[in-house]
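S.K.: model this:
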Amino acid sequence: MTSSAEALVLIGPMGAGKTSVGRRVAKALGTTFTDTDIVLVREHGPIPQIFAEHGEGHFRRVERDAVRASLVAGGVVSLGGGAILDPETRNDLRAHRVVLLTVQPRVVAARLRDDSRPLLAGDDAMRRWTAIYAERRPLYEEVADATFDTSSGPLQAVVDAIATWARTPTPTEEHA
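M.R.: Coordinates of the predicted model:
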């Protein structure tokens with residue numbers, strides 16, 4: 001990474017592998033890893049419970065606070081899939097290097113089987129995932145400095161590519 005005050009931020013849809021990739025990228029870069037969803041659970045309880053008891057608006061506010069604290073701490077930071085919905089969060093991301101992880105729907109279907117994410121609860125989870133991704137994709141692309149797809153090949157290849165990209169200042173680019 002180019003600056004100690006700069007975080008390397010992973011964004012993307014549910015099931016793209018942000019946590020798995022983020023842990024490995026942090027290890028490769030010799031830095032810390034923070035998953036803002038884990039921070040939220042530790043500080044506020046299970047995400048489905050936050051949604052059920054307080055609603056999505058409250059969840060997004062406490063998520064914004066967790067994101068800000070994580071960005072200040074630096075290292076590799078994985079955001080929840082919907083964190084970019086908040087305009088203040090998108091603005092905060094401009095000071096950091098942001099990687100968009102993408103994934104094909106067929107791969108997500110396998111990864112998210114038996115998942116407890118509140119926005120995917122009930123029948124037709126993949127149809128909802130597709131709709132949510134279509135809604136958020138322009139926002140992901142707005143803040144991303146680079147894009148890496150996690151749909152195929154060894155995960156370590158994606159990790160290595162991101163770590164290499166993070167070590168060298170580069171213009172915005174896309175990686176397949």
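
S.K.: tell me which residues of stretch 42-50 are tucked away?
M.R.: Across stretch 42-50, burial judged by 16 or more other C-beta atoms under 10 Å covers 44, 47, 50. Quick note: C-beta positions are derived from backbone N, CA and C, even for glycine.

S.K.: Can you add pLDDT, secondary structure and distance to residue 77 and give the residues you listed back as JSON lines?
M.R.: Below are these laid out as JSON lines (pLDDT from 0 to 100; DSSP: H, G, I helix; E, B strand; the rest coil; distance: C-beta to C-beta, whole Å):
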{"residue": "44", "pLDDT": "93", "secondary structure": "helix", "distance to residue 77": "18"}
{"residue": "47", "pLDDT": "88", "secondary structure": "helix", "distance to residue 77": "17"}
{"residue": "50", "pLDDT": "92", "secondary structure": "helix", "distance to residue 77": "20"}
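
S.K.: quick one: which of those is nearest to residue 76?
M.R.: Distances from residue 76 to those, taken as C-beta to C-beta, are shortest for residue 47 (20.6 Å).

S.K.: wait, doesn't that closest one sit right on residue 39?
M.R.: No: here residue 47 does not reach residue 39: they are 11.1 Å apart, not a contact under C-beta atoms under 8 Å.

S.K.: List the contacts of residue 137.
M.R.: If you count contacts by C-beta atoms under 8 Å, 6 or more residues apart in numbering, residue 137 has none.

S.K.: For it, identify the helix or strand it belongs to.
M.R.: In the assignment (DSSP states H and E), residue 137 maps to helix 125-143.

S.K.: Now the next helix or strand along the chain from that helix - C-alpha only, PDB.
M.R.: As assigned by DSSP H and E, the chain's next helix or strand after helix 125-143 is strand 146-149. Provided in PDB are the C-alpha atoms of strand 146-149 (Å, rounded to 0.1, in the frame of the first residue of the first chain):
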ATOM      1  CA  ALA A 146      -9.600  -1.600  -9.300                       C
ATOM      2  CA  THR A 147     -11.800  -4.600 -10.000                       C
ATOM      3  CA  PHE A 148     -11.000  -8.300  -9.500                       C
ATOM      4  CA  ASP A 149     -13.300 -11.200 -10.200                       C
END
